[in-house]
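> Provide a 3D model corresponding to the input given below.
(one chain, ligands or ions: 1)
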Amino acid sequence: MNRFDQFISRQNTNSVRWDKYAKDVIPLWVADMDFAVAECITQALERRIKHPIYGYTHASEELKEAIQDYLLKKYQYTIQKDWLVFIPSVVSGLHMAARNLLKPGEHALIPAPAYHHFQMALEGSKNPFSTYSYVLQNNRWVIDLDAIRKLTLPNTRLLMLCNPHNPGGTVLSASEIAQINAIAQEHQIIICSDEIHADLILDPEKQHIPIGKDIDPDHFTMSLMSLNKTFNFPGIGLGWAVIPNASLRNQFAKDLHTLIPGPNALAFEVSLAAIQGGDAWHNGLLEYLRQNRQIVKTWVDSHASLQMAHLDATYLAWIDATLVNNKQLSQDFVVGGVAVSPGQQFGANDFFRLNFGTNQMLLREALARMSNVLEKN
Ligand SMILES: Cc1ncc(COP(=O)(O)O)c(C=O)c1O
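Numbering: from 1, shown residues only. From the prediction side, this is the model:
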């Protein structure tokens, strides 16, 4: 049996995803997966837990070197160890970037539709911001680069990127990255790139490019990275920012652990274990998620009222339900036994996002229930 086919009940684990709705609702909303982590991660936790003192912990040189090797191996990205700033989660990194990198009144550009914390970060820092859109091109959601150019103001100081994109799944190409970097360099804009989904690329021929790769460190870029999503331990959580420029790094890290805590002792262990021993599990995961993507695509194609562009990456399907013409569709799905993320959460009312990071039996059951709802519509 494929390990990812196993059904593992998440009852009694206080799961955010599984506890929000009634027990008989299949929750395909918030982005974690129903898969057991790789054995190397459980073993690393067991090893660390055996030592009975859990004091304040810093990132080891071994972990920093492992990340260095990982970025080189995966993305041919060469970094220095001191470019790394450790954080407990990528979301905290987004919020700290907005608060620490912008002066009052400085303007930011953020993606839309997008994961809601981009907008929340700017609302939290109280800086003005504009949203740049994605447009459909050859069945793929692409950033409207002209919109970015037009929206850039003399006081624009920060450009937030989500690459790969949640919810559209787009992986930016080398040419798109080069154009974005060129705009930022011309206007002296800092780029903060959320790359949490980088290791969830489903198209084997596509390659993640960290924003600072091949860029002079004098230019202001930062990648927010984490293995939380890929290896399915967001409840433990570790992230890091890669910031080549020293002054930008200091600005980002200033008073960092006043408002947010330093990462916890177990978080360092799981991330190191994932890097050192997680490859086989990761390859199996990508293979399984590719199959799930196909199951979802076949289902979407069987409904004339639904559309989905090609998803390069992530386990989050972004489905256009404009033709269903039902403002209550997500609520109706819940009544029909499935919880998805309503598009409003990402700034697109007629869409919904479906998390297919679950076993195929449950996924097929959820899709059958959703078909019943659509038939009654
Ligand atoms: C683009 C993006 N950034 C950040 C996060 C959350 O990351 P973390 O749990 O490390 O804060 C998510 C989770 O869905 C996400 O999709």
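
> got the contact list for A147?
Taking Cβ atoms under 8 Å, 6 or more residues apart in numbering, we find A147 in contact with Y132, S133. Every C-beta, even on glycine, is put in place using the N, C-alpha and C of the backbone.

> Confirm that it lies within a strand, as I assumed.
No. A147 is assigned helix when assessed by DSSP: H, G, I helix; E, B strand; the rest coil, not a strand.

> what does this protein put close to the ligand?
Within the chain, the positions near the ligand by Cβ under 6 Å from any ligand atom are 31, 89-91, 115, 162, 166, 194, 196, 226, 228, 234, 237, 239.

> Looking at stretch 339-357 now, give me its mean pLDDT.
For stretch 339-357, the mean per-residue pLDDT is 96.

> Can you dump the C-alpha atoms of it in PDB for me?
Written as PDB, here are the backbone C-alpha positions of stretch 339-357 (Å, rounded to 0.1, in the frame of the first residue of the first chain):
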ATOM      1  CA  ALA A 339     -15.200  22.400   3.600                       C
ATOM      2  CA  VAL A 340     -13.100  24.400   1.000                       C
ATOM      3  CA  SER A 341     -11.600  27.800   1.400                       C
ATOM      4  CA  PRO A 342     -13.900  30.500   0.000                       C
ATOM      5  CA  GLY A 343     -12.300  32.700  -2.700                       C
ATOM      6  CA  GLN A 344     -13.200  35.900  -0.700                       C
ATOM      7  CA  GLN A 345     -10.300  34.900   1.700                       C
ATOM      8  CA  PHE A 346      -7.900  35.500  -1.300                       C
ATOM      9  CA  GLY A 347      -9.800  38.400  -2.800                       C
ATOM     10  CA  ALA A 348     -11.700  36.500  -5.600                       C
ATOM     11  CA  ASN A 349     -15.300  35.900  -4.700                       C
ATOM     12  CA  ASP A 350     -16.200  33.500  -7.500                       C
ATOM     13  CA  PHE A 351     -13.400  31.100  -6.800                       C
ATOM     14  CA  PHE A 352     -12.700  28.500  -4.200                       C
ATOM     15  CA  ARG A 353      -9.500  26.800  -3.100                       C
ATOM     16  CA  LEU A 354      -9.400  23.100  -2.500                       C
ATOM     17  CA  ASN A 355      -6.600  21.400  -0.500                       C
ATOM     18  CA  PHE A 356      -5.900  18.100  -2.100                       C
ATOM     19  CA  GLY A 357      -3.200  17.100   0.300                       C
END
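
> list the buried ones in it?
Neighbour-count burial for stretch 339-357 flags 339-343, 345-348, 350-357 (criterion: 16 or more other Cβ atoms under 10 Å).

> secondary structure class for M160?
Classified using three-state DSSP, M160 is strand.

> which residue packs closest to it, ignoring adjacent ones?
Ranked by Cβ to Cβ, 6 or more residues apart in numbering and with sequence neighbours excluded, the top spatial neighbour of M160 is I110, at 4.5 Å.

> Identify the single longest helix in the protein, thanks.
Criterion DSSP state H: the longest helix present in the chain is helix 279-301.

> Packing partners of whichever helix or strand comes after it?
Scanning forward in sequence from helix 279-301 by DSSP states H and E, the next helix or strand is strand 316-320. Secondary-structure packing of strand 316-320 (3 or more Cβ pairs under 8 Å, 6 or more residues apart in numbering; DSSP states H and E): helix 279-301, strand 351-355.

> which one of the ones you listed is the most hemmed in?
strand 351-355 (a mean of 25; mean count of other Cβ atoms under 10 Å).

> where along the stretch 1-150 of the chain do the strands fall?
With strands called from DSSP state E, counting those that start in this stretch, the stretch 1-150 of the chain shows them at 26-27, 84-87, 107-112, 129-137, 140-143.

> okay, those in TSV with mean pLDDT, mean neighbour count and distance to I8 next?
TSV is the format used below for the strands of the stretch 1-150 of the chain (pLDDT from 0 to 100; neighbours: other Cβ atoms under 10 Å; distance: least, Cβ to Cβ, whole Å):
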stretch	mean pLDDT	mean neighbour count	distance to I8
strand 26-27	98	22	14
strand 84-87	98	22	29
strand 107-112	97	22	34
strand 129-137	96	17	35
strand 140-143	96	20	32
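
> What's the nearest residue in the stretch 151-300 of the chain when you look at the ligand?
Residue of the stretch 151-300 of the chain nearest the ligand, by Cβ to the nearest ligand atom: N166 (3.8 Å).

> Before we move on, what's the pLDDT of the closest residue to that residue other than its chain neighbours?
In this structure, N166 finds its nearest non-sequential neighbour in Y115, 4.6 Å apart by Cβ to Cβ, 6+ apart. Turning to Y115, the model gives it a pLDDT of 96.

> what do you get for M1?
With respect to pLDDT, M1 scores 88.

> Count the residues that sit near it.
Using other Cβ atoms under 10 Å, M1 has 5 neighbouring residues.

> From the ligand, how far out is F7?
23 Å (Cβ to the nearest ligand atom, to the nearest Å).

> And the strands in the stretch 151-300 of the chain, which stretches?
Under DSSP E, counting those that start in this stretch, the stretch 151-300 of the chain gives strands at 156-162, 190-194, 221-226, 239-242.
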